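K.L.:
here you go, sequence then predicted model.
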Amino acid sequence: MTDPQLWHDVDDYFTELLAPPDAALTEALRDSDAAGLPQINVAPNQGKLLHLLASVQGATRILEIGTLGGYSTIWLARALPEDGRLITLEYSEQHAEVARHNLARAGLDKITEVRVGPALLGLQTLADEHPAPFDVVFIDADKVNNPRYVEWALKLTRPGSLIILDNVVRGGAVTDATTDDPSVRGTREALALFAAHPKVAATAIQTVGVKGYDGFALARVLP
Ligand SMILES: C[S@@+](CC[C@H](N)C(=O)[O-])C[C@H]1O[C@@H](n2cnc3c(N)ncnc32)[C@H](O)[C@@H]1O
Ligand SMILES: [Mg+2]
């Protein structure tokens, strides 16, 4: 049962049944492709999972680190009420431009804000604004900085908030304590921060599907 075609077929079945694309999602991916963005967005059924998690949280404020074309942003922002707020941080001006267009077409431009620049700077700027705590943080940018992103996420949240760290499996290399791969090291350090933090409960899940072998970690800030 390790046939990637089978993973693909099962994901397609789940997605068509439970997370079917609408025009805004389809066009967001189409325009991201047309602009030459890499196809490293979440799978549709993971997008739906993000949406459900934010809904279960009753989230009114969401922070995303790593926007790409705004595909995961659309799924997350759709969980927000009309007066909700999602801030997403993106290094590339080109990616941000595509994302803004996709978010506007999805009718989400009033509640979402794409901020351009290195996320570590964006997070400092955000903190300087003394924002209300975020209910959900989705970390999905350069994996080398995962520990710093987790530290910021912990500062910018409240007891009860949820932090989701994407792509933690690294093709299985996450188990390699001696690795020189900066993305694997960053991911391991971020997971270790979750593990060591007295006010965090976390787990990590491996997945297979249209995006191959992957996984994510989920952490809740404890009261
Ligand atoms: C995996 S993609 C995000 C995918 C998106 N969350 C989705 O699922 O649709 C990672 C994004 O992070 C951006 N990125 C990489 N390094 C960054 C940094 N230092 N600061 C902010 N964004 C960064 C990349 O340009 C890319 O658009
Ligand atoms: Mg990802």
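P.N.:
That came through, no problem. Ligands and ions are numbered 1, 2, ... in the order given.

K.L.:
and the most centrally placed residue in the chain, what does it touch?
P.N.:
The chain has Phe138 as the residue nearest its centroid, 3.7 Å off, counting by C-alpha atoms, centre = their mean. Shown in contact with Phe138 (C-beta atoms under 8 Å, 6 or more residues apart in numbering): Leu50, Ile62, Leu63, Glu64, Ile65, Gly66, Ser72, Leu76, Ile164, Asp166. Where C-beta positions appear, they are placed from N, C-alpha and C, glycine not excepted.

K.L.:
repeat the analysis, applying 7 Å as the threshold.
P.N.:
Leu50, Glu64, Ser72, Leu76, Ile164 (C-beta atoms under 7 Å, 6 or more residues apart in numbering).

K.L.:
now Lys155
P.N.:
Shown in contact with Lys155 (C-beta under 7 Å, 6+ apart): Ala127.

K.L.:
what does Gly47 give?
P.N.:
Residues in contact with Gly47 (C-beta under 7 Å, 6+ apart) are Ala19, Tyr71, Ser72, Trp75.

K.L.:
related to what we said a few turns ago, among the contacts of Phe138, which one lies nearest to ligand 1?
P.N.:
For these, the residue nearest ligand 1 by C-beta to the nearest ligand atom is Ser72; the value is 3.4 Å.

K.L.:
do the helix or strand that contains that closest one and ligand 1 come into contact?
P.N.:
Assessed by DSSP states H and E, Ser72 sits inside helix 71-77. Yes: in terms of C-beta under 6 Å from any ligand atom, part of helix 71-77 sits within range of ligand 1, namely Tyr71, Ser72.

K.L.:
near ligand 2, anything from that helix?
P.N.:
No: figure legend: helix 71-77 not in contact with ligand 2 (C-beta under 5 Å from the ion); closest approach 7.5 Å.

K.L.:
for the protein, which residues are neighbours of ligand 2?
P.N.:
Asp140, Asp166, Asn167.

K.L.:
considering only those residues, which also neighbour ligand 1?
P.N.:
Answer for the residues of the chain next to ligand 2 near ligand 1 (C-beta under 6 Å from any ligand atom): Asp140.
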